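Chemist: Okay, here's the prediction I keep looking at, along with the sequence it came from:
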Amino acid sequence: MSFPIDLHCHSTVSDGLLTPEELVAHAASKGVRVLALTDHDEVSGLARARAAAEQLGISFIDGVEISVTWKKRTLHVVGLHIDPTNPVLLEAFAKVKAGRNDRARQIAEGLAKAGISGAYEGARDIAGNSILTRSHFAQFIVKQGHAKNIKTVFKKYMVKGKPGYVNHEWMGLEDALTLIRNSGGVAVLAHPGRYDLGFVNMHLLLNEFRNLGGAAIEVVTGSHQPPQYDQFAKLAHRFGLKASQGSDYHGPGMSFMEMGRLPALPSGCVPVWQDWPEASQLQ
Ligand code: AMP
Ligand code: MN
Ligand code: MN
Ligand code: MN
């Protein structure tokens, strides 16, 4: 049985394949009734998505997925109910965007040394006006015939130790949580099962995240295997954190999970949407 709320997905404004309008229509067609759009470090799709959601009669939550560096690792923190017009938030994301552009130049240099030329221009072409992500490079590399699919590209070129990987310093955890809180939002640690942190660091992270004002962790996500749902439900409970769910949908053929297929949170979880008027029809 699926549960019709999805609080994590991407549009063409970051590295998704569907425009904000197409994404909302897709969610609605798959039975999602409460949706948050959470593009990477970018909020310019939210007004478009909200307008589309209003037309289709589904509830919409303004969201974002912020890239964070914590103990030399990259983590993702989702902000929900943020104010997309908050000037401090917009200024911070403008800086991240510029940083992404510099990183993209370095990624392209690395790829050139591995025999893949023109990657900056190629990725820029695919991204258009949106932020430049590793996914855009991956799409370019597949298009050029250097690898058969996105998954293979990441393995061969885009992860730590490979020619298209660049160590990048993202925002600190405290800065990300402050930004989210000051723009009226709540912070959710995205797909904790993906970080390969080990027991001690996972506990350190959850403790720090909660102490800095973090509200919830993703328990049910397209990035978790089903046995991890219970594992992270228990951790949420232990650290006094609420639970969230989201597909992390990026578009057809680019995602682990289709929209509208997420199971309900394990029993005992406190949903992050517990007090939200937009989700009251789901309780
Ligand atoms: P970036 O924020 O530019 O480093 O890009 C990260 C994005 O790349 C993630 O949000 C995913 O969409 C995508 N990604 C990361 N690792 C993989 C992978 N192993 N396979 C497919 N996509 C991935
Ligand atoms: Mn992505
Ligand atoms: Mn993520
Ligand atoms: Mn995501």
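Modeler: Received the coordinates, thanks. Numbering: from 1, shown residues only. Ligands and ions are numbered 1, 2, ... in the order given.
Chemist: Only C-alpha atoms from now on, for both contacts and neighbour counts.
Modeler: Fine.
Chemist: Leaving out sequence neighbours, find the closest residue to D248.
Modeler: Nearest non-adjacent residue to D248, counting by C-alpha to C-alpha, 6 or more residues apart in numbering: C9, 4.4 Å away.
Chemist: Return the per-residue confidence for that neighbour.
Modeler: C9 carries a pLDDT value of 98.
Chemist: Test my guess that it contacts Q245.
Modeler: No: counting by C-alpha atoms under 8 Å, C9 stays clear of Q245, with 10.6 Å between them.
Chemist: who touches whichever residue of the stretch 1-150 of the chain sits closest to ligand 1 in this structure?
Modeler: Using C-alpha to the nearest ligand atom, T133 is the residue of the stretch 1-150 of the chain that sits closest to ligand 1, at 3.2 Å. By C-alpha atoms under 8 Å, 6 or more residues apart in numbering, the contact set of T133 is 14-15, 100, 104.
Chemist: quick one: secondary structure of the most far-flung residue of the chain relative to its centre?
Modeler: Distance to the chain centre peaks in the chain at G115, reaching 30.4 Å (criterion: C-alpha atoms, centre = their mean). Judged by DSSP: H, G, I helix; E, B strand; the rest coil, the three-state class of G115 is coil.
Chemist: Quick one: residues contacting it.
Modeler: With C-alpha under 8 Å, 6+ apart, G115 has no contacts at all.
Chemist: Below-threshold pLDDT in the stretch 151-283 of the chain: ranges please.
Modeler: 283 (pLDDT under 70).
Chemist: Try it again at 90.
Modeler: Flagging of the stretch 151-283 of the chain using pLDDT under 90 yields the residue ranges 253-256, 281-283.
Chemist: how about the strands of it, start to end?
Modeler: Assigned by DSSP state E, counting those that start in this stretch, the stretch 151-283 of the chain shows strands spanning 171-172, 186-189, 216-221, 242-246.
Chemist: Which one of the ones you listed lies nearest to I5?
Modeler: Nearest to I5 among these is strand 242-246; the distance by C-alpha to C-alpha comes to 7.4 Å.
Chemist: can you give me the angle that closest one makes with strand 216-221?
Modeler: Calculated by axes from the mean of the first three to the mean of the last three C-alpha atoms, to 10 degrees, strand 242-246 forms an angle of 40 degrees with strand 216-221.
Chemist: Packing partners of strand 242-246?
Modeler: Helices and strands touching strand 242-246, by 3 or more C-alpha pairs under 8 Å, 6 or more residues apart in numbering; DSSP states H and E, are strand 5-6, strand 216-221, helix 226-238.
Chemist: now, of the ones you listed, which is deepest in the fold?
Modeler: Mean neighbour count, computed with mean count of other C-alpha atoms under 10 Å, is highest for strand 216-221 among those, reaching a mean of 29.
Chemist: neighbouring contacts of that one?
Modeler: Outside strand 216-221, the residues within contact range by C-alpha under 8 Å, 6+ apart are 187-192, 226, 228-230, 232-233, 236, 241-248, 262-265, 272.
Chemist: make it 6 Å
Modeler: The contact list for strand 216-221 (C-alpha atoms under 6 Å, 6 or more residues apart in numbering) reads 188-191, 229, 232-233, 241-247.
Chemist: need the strands for the stretch 1-150 of the chain, in chain order.
Modeler: Under DSSP E, counting those that start in this stretch, the stretch 1-150 of the chain gives strands at 5-6, 34-37, 59-70, 73-80.
Chemist: got the ones you listed as TSV, with mean pLDDT columns?
Modeler: Formatted as TSV, those follow (pLDDT from 0 to 100):
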stretch	mean pLDDT
strand 5-6	98
strand 34-37	98
strand 59-70	98
strand 73-80	98
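Chemist: Need the residue closest to the centroid of the protein.
Modeler: What sits nearest the mean C-alpha location of the chain, by C-alpha atoms, centre = their mean, is E65, with 4.4 Å.
Chemist: count of residues packed around the residue lying closest to it once chain neighbours are set aside?
Modeler: Of all residues not flanking E65 in the chain, V78 sits nearest, at 4.2 Å (C-alpha to C-alpha, 6+ apart). Neighbour count for V78, taken as other C-alpha atoms under 10 Å: 29.
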